[in-house]
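Engineer: Predicted model and sequence follow; I will ask about them next.
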Amino acid sequence: MILCAVFFISFSFSHLFYIYFFFFSGQKVCYGGFKRSCYKIAYFQDLSRRVGFQEARQACEMDGGALLSLESEAEQQLIENMLQNLTKSGSGISDGDFWIGLWRSGDGLATSSACPDLYHWADGSISPFRNWYTDEPSCGSEACVVMYHQPTANPGLGGPYLYQWNDDRCNMKHNFVCKYGPGIFPTVPAGNPYDTNKPEDQYHVIATETGIIPNLIYVVIPTIPLLLLILVAFGTCCFQMLHKR
């Protein structure tokens, strides 16, 4: 029982550590318009590493931003263009919805016609802009919102499952997009110059999981508590043996 508990805790810790390590190592992309906002897209090819709404929100806030708010159709189009270009660039982006910062707290009038009015932006934005898919939001137990990104899915009643919004259960696992306010500029490794005025740089910035390091994190981190537990057990046995003598 104790070993199971230690393994579960260590696995959970390693998952959170991986999310933050992977995400913070990415870069932001900034634009002159949209109040000089910056964005960072987090896409996980491994489905098991995608996160719930609150995890995504926390990751954005720990990185100095907030889960994406969309204030206009033009900003919606900007994010769509980013995703389209990343999909075409061979960066590994495929099916996988993205959390945005729209949600509602509590059940309230979740099953009434007033339900759509209960949604608000996590960053405090008062933008009334919405881009719901047909028959959404469905409300009920679904209180957090994703932007559809299913390029390979057959179209539904409302057309392709691309970029329109759908409410989902907050504990479902998805990718996410963060937004950063003016004055928060990207950190770029030395030797990799960044010019926000170059249009060719617009779609080159993304946090994606690559290389052997993510796998090493998943292997090494969970073993640390187990090793400590073994050391404690070994020390206890030695102490008892010496005490008996």
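Structural biologist: Right, received. Where do you want to start? As the structure is a computational prediction, the values presented were derived from the model and not from experiment. Numbers count the residues shown, from 1 in each chain.
Engineer: residue boundaries of the strands in the protein?
Structural biologist: 29-30, 38-43, 66-67, 98-103, 120-121, 144-149, 162-168, 175-180, 207-208 (DSSP state E).
Engineer: closest one to Glu73 among these?
Structural biologist: Comparison of the strands of the chain against Glu73 by Cβ to Cβ identifies strand 162-168 as nearest, at 11.2 Å. For glycine as for every other residue, the C-beta is placed from the backbone atoms N, C-alpha and C.
Engineer: what helices or strands is that closest one leaning on?
Structural biologist: helix 73-88, strand 144-149 (3 or more Cβ pairs under 8 Å, 6 or more residues apart in numbering; DSSP states H and E).
Engineer: again, only this time at 7 Å
Structural biologist: For strand 162-168, the elements it packs on are strand 144-149, judged by 3 or more Cβ pairs under 7 Å, 6 or more residues apart in numbering; DSSP states H and E.
Engineer: Please state the mean pLDDT value computed over the strand it packs on.
Structural biologist: Across strand 144-149, pLDDT averages out at 96.
Engineer: coming back round to it: tell me which of the strands of the chain lies nearest to Ser138.
Structural biologist: That would be strand 162-168 among those, by Cβ to Cβ, at 6.1 Å.
Engineer: Could you tell me how far the closest residue to Leu83 other than its chain neighbours is located from Thr236?
Structural biologist: Closest residue in space to Leu83, ignoring its immediate chain neighbours: His149 at 6.3 Å, by Cβ to Cβ, 6 or more residues apart in numbering. Counting by Cβ to Cβ, to the nearest Å, the separation of His149 from Thr236 is 52 Å.
Engineer: For these two, indicate the residue with more neighbours.
Structural biologist: Neighbour count, other Cβ atoms under 10 Å: between His149 and Thr236, His149 has more, with 21 against 10.
Engineer: Quick one: residues contacting the more buried one.
Structural biologist: Neighbouring residues of His149 by Cβ atoms under 7 Å, 6 or more residues apart in numbering: Leu83, Asp95, Gly96, Asp97, Phe98, Leu162.
Engineer: ditto for Ser127
Structural biologist: Contact partners of Ser127, counting by Cβ under 7 Å, 6+ apart, are Ser69, Leu70, Glu71, Trp121.
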